[in-house]
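S.K.: sharing a sequence plus its predicted fold:
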Amino acid sequence: MAKIFQVSARAGMTRVVEPIARALLRAGVTPNVVTVAGTVGVLVGALGFGARGHLVAGALIVTLFALTDLLDGTMARMSGGSTRFGAFLDSSMDRVADSAVFGAVAYWLATQGDHSGVAAALLCLAAGGLVSYVKARAEGLGMTCNVGIAERTERLLIVGVGGILTGVGVKPALEIALWLLAAISIFTVGQRMAHVYRQAQQLQPDGQA
């Protein structure tokens, strides 16, 4: 099934960031530095702005720095491919950033007395972590898991749009976005588990249950 953020859109973004990636590499900046800088920027946007109720500013800052996920990948490809540590660092920093975003959203909703929204934010946090874990575990077992309607980019876009709309006065937008995202994330977990199950069945030696 096609992802929400279509491959053509990703390719278009890649063409935009390639000149930036080249310039950073020429300046001696490494992909790992960009990875860490992007995470710090997301933390500032989420905890420094979003958690304090500045939803529009927080969402814009988070979105801007989340795009470094594409930038560091492009830099790694241009410099000969990602190292093992680079891949590990990128994945780890993604989890830190995601935790900050949804933790900040849950905190702000709690200050507003929105218990339903808090539950949705926490569910998004748990389901999003599971989406990533299922893929990592499958790949660790030698299988692929590049399926699902909502990966990290889609999840951040959905919560970002909800935050911006709520920030400009569409009050229920963030909670609606969170519940939608929770449902999509849970569905994505199911998609990935089914995909891995089919691969495991094909790889399983004949005669074994």
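M.R.: Perfect, thanks for sending it. Numbering: from 1, shown residues only.
S.K.: touching, Ala104 and Leu47? I think so.
M.R.: Yes: with contact defined as Cβ atoms under 8 Å, Ala104 counts as touching Leu47 (5.5 Å). In this view, the C-beta of every residue, glycine as well, is placed from N, C-alpha and C.
S.K.: who has more neighbours, those two?
M.R.: Legend: neighbour count by other Cβ atoms under 10 Å for Ala104 and Leu47, higher for Ala104 (25 against 16).
S.K.: where does this protein dip in pLDDT?
M.R.: Scanning the chain for pLDDT under 70 picks out the ranges 1-14, 205-209.
S.K.: so for it, the centremost residue is which one?
M.R.: The centre of the chain sits closest to Arg152, judged by Cα atoms, centre = their mean, with a distance of 2.5 Å.
S.K.: for Arg198, see how far away the closest residue to that one other than its chain neighbours is.
M.R.: Closest residue in space to Arg152, ignoring its immediate chain neighbours: Asp94 at 6.2 Å, by Cβ to Cβ, 6 or more residues apart in numbering. Between Asp94 and Arg198 the computed distance is 26 Å (Cβ to Cβ, to the nearest Å).
S.K.: higher neighbour count, these two?
M.R.: Asp94 (20 against 11).
S.K.: which helices and strands does the helix or strand harbouring the more buried one pack with?
M.R.: Taking DSSP states H and E as the criterion, Asp94 maps to helix 84-111. Counting contacts by 3 or more Cβ pairs under 8 Å, 6 or more residues apart in numbering; DSSP states H and E, helix 84-111 is packed against helix 31-43, helix 55-66, helix 68-78, helix 115-140, helix 152-167, helix 173-203.
S.K.: Val159 touches Leu181, doesn't it?
M.R.: Yes: the criterion here is Cβ under 8 Å, and Val159 meets it with Leu181 at 6.1 Å.
S.K.: common neighbours of these two, please.
M.R.: Here Val159 and Leu181 share the contacting residues Cys124, scored by Cβ atoms under 8 Å, 6 or more residues apart in numbering.
S.K.: and stretch 168-183, which residues are buried?
M.R.: For stretch 168-183, a neighbour-count test (16 or more other Cβ atoms under 10 Å) marks 173-182 as buried.
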